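Engineer: compute the structure for the input listed below.
(2 chains)
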Number of protein chains: 2
Amino acid sequence: MRGILPFSVSEYTERLVRTQRLMHEAGVDVLLVSDPANMNYLSGYDGWSFYVPQVLVVIADEEHPLWIGRKQDANGARITTWFHADQIIPYPEKYVQSSDQHPMDFVADILSQIGQSKRRIGVELDAYYFSARSFEQLKRRMPNTCFKDTSLLVNRVRMIKSDQEIEYMRRAARIVEKAMRAGIHSIGSGVRGCDVAATISYAQFSGTPDYGGDYPAIVPLLPSGIKTSTPHLTWSDSHYQEGDAVILELAGCYKRYHSPMARTAVIGKASPKLQDLAEVVIEGLNTTLEAIRPGITCEEVEAVWSKVIEKRGYFKDSRIGYSVGLNYPPDWGEHTASIRKGDRTVLQPNMTFHLIPGVWLDHYGVELSETLRVTESGCEVLANFPRKLFQIPDPPLATMPVEESGA
Amino acid sequence: MRGILPFSVSEYTERLVRTQRLMHEAGVDVLLVSDPANMNYLSGYDGWSFYVPQVLVVIADEEHPLWIGRKQDANGARITTWFHADQIIPYPEKYVQSSDQHPMDFVADILSQIGQSKRRIGVELDAYYFSARSFEQLKRRMPNTCFKDTSLLVNRVRMIKSDQEIEYMRRAARIVEKAMRAGIHSIGSGVRGCDVAATISYAQFSGTPDYGGDYPAIVPLLPSGIKTSTPHLTWSDSHYQEGDAVILELAGCYKRYHSPMARTAVIGKASPKLQDLAEVVIEGLNTTLEAIRPGITCEEVEAVWSKVIEKRGYFKDSRIGYSVGLNYPPDWGEHTASIRKGDRTVLQPNMTFHLIPGVWLDHYGVELSETLRVTESGCEVLANFPRKLFQIPDPPLATMPVEESGA
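Structural biologist: Numbering: from 1, shown residues only, chains lettered A, B, ... in the order given. Now for the predicted structure:
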């Protein structure tokens, strides 16, 4: 009944061993994994069921995790996980979105039944989909258990990618090139934002003839006009007008691995202010990419960027990038390393980042970004796409000279 | 700087007054709203920023809520909310995904500064994106505050829709008809699931010439073959084969309001078992729709369904529907009323439900669903789409006789 796994079973068991090592260091015997990306990373589980509570239970001295989730989703777990169906424990449907019963009561009872309730249990306190209520229920049902916050423990294991993971991110990069090209080509005066979003989404899901796309953790972010002064607005059905700037931030996704990319376009001629900001962002991005290599820290990378833009009279107080890879909605970032002041994470080969030095001012903004892999000596930019402010109409991208990728 | 609001300011203020009435009944003076749908419902705020902590603060005796969110998103709040920019309080970027600072520290400090920390504060303990850590930080920073669980308080206010909300759901129904038609038409032997998903997504976002689509809270759920034994798997890039069944569960979305719909298709001839199950589900769905009217309870509606299918030798232990409307990922359900045993919610005019009596057996399953509005005397099915098991190739849907909508 099992489907085709995206990784070998030995790759999953290695991930588990590395997780158990960090559990030992953190002083926990049991880990409750709620973050859907962490669940997928350790088990292969892949379903849109994270809207109800579900956990993967990793036990320090056990070779297989336990999946506990909704009964309706148990067949999905049997199809997508690497371990035996005995490890899949469904909770009855009556627990779903009920006022008098909570799925975490069931989880607590299982932990007690298998003799784990007196051990030290790590919980991902700041993970998506592990609600405050979930934690309250666990504590109430297991009053003698010592809980420890192990937020980001598995995320840290995820930071350095395997060759297979890198290959999936490269495929995602092929997909994002297609989607970005389709998006920029479809923009024009009189066009509706929703139709541009539709074109992008088609390309994201359809992927390439060799490998189809998966759904990215974030829908296309597509602010235009005054909305380019802020990064997280989506689209509307109003029509673009001559002079509108449009920011496109989107990802290709392959087997849940992301390669995000952002570009900025303007319909007609860019104002001198927008042109100037775009030049600064491009220069900053290029200079920062050249500086990335193993051994440098995140804050040193950020300092390269700051120096370039401050010389040109700009200032940015938010991070310019973050670790990226496997994920589910609502975020493709891994929440571990951020490229910003104060982050002393040392870059290592096969770490992957979304380097996104966006600048948003009061009435406009510019985003240009790349997803990169830290190599043995520098960095590999995964996608190959012109770094420029696109002025629409623009010569067709397909016939543009292909720029060298990498830095 | 404000964009066009989807509702009048008076509709937002009425929602606020109804919320404040429930706050009074619940014994809280201040409500921290984290659920992005509840934030949007009360403030208009609409951005993909729920991957970082953000709250709307509703105070019992104040006419305007406060929006507290990330600095980068403050311009988005100024553009999309109905109240004055003074009510928008950004937290500095250093709080974002940091190991030593948490956005809820900032929220707690603001509550103290505006003199609210000694009052009774309601928190949505079981809302998406209100993490266990968020609650821990609040309690630590405000040790003398009395917190109460007010999960679903605003969701309950959302249950009965206004005429404008119903109009938006009707538009979403036009969109889901287009998307379902496009999806079913694109299925065939040798076709990849990812290309069907792409076609559906194009139709969802592009919408109609009169109104463009918004992103639904759930991506198209598109299990095929053995994966139809479980509801929440998405798609892959493998090719459909003759004999494969494909379940399509998807929504149209307009200004964040959803009209979901599910249908099942089979490539070639359906097996007698699949055909039988589909007939039972259709009969059950039709009979249940005929029973829906104001005054009946959710569990009475479920009993109508159970009686039909049990007579035919089937059994279903999960709910057959739930309240639906405004939402954000990861769920379009409202988490209030469920159509199942034990739910005594009394149906009232302008409540809206996704009636989804799916049946998943060990190796196959069938889903057929409708989104409906409770009327003064019965119910209005929002979309108009044949209720049948689609056998592919199928006569083109566009030329099919249009069935009467409603029950």
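
Engineer: can you give me the helices in the stretch 101-250 of chain A?
Structural biologist: A:103-113, A:132-141, A:153-158, A:163-186, A:193-206 (DSSP state H, counting those that start in this stretch).

Engineer: okay, the ones you listed, which one's buried deepest?
Structural biologist: Mean neighbour count, computed with mean count of other C-beta atoms under 10 Å in any protein chain shown, is highest for helix A:193-206 among those, reaching a mean of 26. In this view, the C-beta of every residue, glycine as well, is placed from N, C-alpha and C.

Engineer: quick one: list the elements packing against that helix.
Structural biologist: Counting contacts by 3 or more C-beta pairs under 8 Å, 6 or more residues apart in numbering or on different chains; DSSP states H and E, helix A:193-206 is packed against helix A:163-186, strand A:245-254, helix B:193-206.

Engineer: could you list the domains of chain A?
Structural biologist: Residue ranges for the domains of chain A, per automatic domain parsing: A:9-158, A:163-399.

Engineer: is it possible to get CSV of those domains that adds distance to B:Trp332 and mean pLDDT?
Structural biologist: Formatted as CSV, these follow (distance: least, C-beta to C-beta, whole Å; pLDDT from 0 to 100):
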stretch, distance to B:Trp332, mean pLDDT
domain A:9-158, 9, 96
domain A:163-399, 13, 95
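
Engineer: returning to that earlier point: Serialize the helices and strands packed on helix A:193-206 to CSV and add fields for distance to A:Ala85.
Structural biologist: Written out in CSV, the entries for the helices and strands packed on helix A:193-206 read as follows (distance: least, C-beta to C-beta, whole Å):
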stretch, distance to A:Ala85
helix A:163-186, 25
strand A:245-254, 27
helix B:193-206, 24
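
Engineer: is stretch A:165-176 positioned near chain B?
Structural biologist: No. Judged by C-beta under 8 Å from any C-beta of the partner chain, stretch A:165-176 makes no contact with chain B; its nearest approach is 10.1 Å.

Engineer: distance between that stretch and the chain's centre?
Structural biologist: Centre-to-centre, stretch A:165-176 and its host chain are 13 Å apart (C-alpha atoms, centre = their mean, to the nearest Å).

Engineer: quick one: contacts of it?
Structural biologist: A:6, A:161, A:203-204, A:207-208, A:211, A:213, A:250-255, A:257-261, A:325-326, A:350, A:352, A:371, A:373, A:382-385 (C-beta atoms under 8 Å, 6 or more residues apart in numbering or on different chains).

Engineer: same check, this time on stretch A:96-113
Structural biologist: The contact list for stretch A:96-113 (C-beta under 8 Å, 6+ apart) reads A:30, A:32, A:52-55, A:57, A:66, A:68, A:70, A:89, A:91-92, A:94-95, A:117, A:121, A:133-135, A:137-138, A:141-142, A:145, B:126, B:318-319, B:322, B:333, B:335, B:338.

Engineer: what subset of the residues you listed is buried?
Structural biologist: Among these, those buried by neighbour count (16 or more other C-beta atoms under 10 Å in any protein chain shown) are A:30, A:32, A:52-55, A:57, A:66, A:68, A:70, A:89, A:91, A:94-95, A:117, A:121, A:133-135, A:137-138, A:141-142, A:145, B:126, B:318-319, B:322, B:333, B:335, B:338.

Engineer: separation between A:Gly153 and A:Asn40?
Structural biologist: No Gly there; residue A:153 is Leu. Between A:Leu153 and A:Asn40 the computed distance is 15 Å (C-beta to C-beta, to the nearest Å).

Engineer: what does A:Thr228 give?
Structural biologist: Between A:Thr228 and A:Asn40 the computed distance is 34 Å (C-beta to C-beta).

Engineer: need phi/psi at A:Leu5.
Structural biologist: Per-residue torsions, A:Leu5: phi -80, psi 140 (degrees, to the nearest 10).

Engineer: tell me who's in contact with it.
Structural biologist: A:Tyr12, A:Gly44, A:Thr80, A:Trp82.

Engineer: per-residue pLDDT, it?
Structural biologist: pLDDT for A:Leu5: 95.

Engineer: same deal with A:Pro401?
Structural biologist: For A:Pro401, the pLDDT comes out at 46.

Engineer: repeat for the one 4 residues further on
Structural biologist: Reported pLDDT at A:Ser405 in the predicted model: 39.

Engineer: around A:Gln97, how many other residues sit close by?
Structural biologist: Number of residues near A:Gln97 (other C-beta atoms under 10 Å in any protein chain shown) recorded here: 22.

Engineer: is it in a helix, a strand, or coil?
Structural biologist: Classification of A:Gln97 using DSSP: H, G, I helix; E, B strand; the rest coil returns coil.

Engineer: next structured bit after whatever helix or strand A:Glu310 lives in?
Structural biologist: Using DSSP states H and E, the element containing A:Glu310 is helix A:298-311. For helix A:298-311, the following helix or strand on the C-terminal side (DSSP H and E) is strand A:321-324.

Engineer: check contacts around A:Gln72.
Structural biologist: Going by C-beta under 8 Å, 6+ apart, A:Gln72 touches A:Ser49, A:Glu93, B:Thr230, B:Pro231, B:His232, B:Ser318, B:Trp360.
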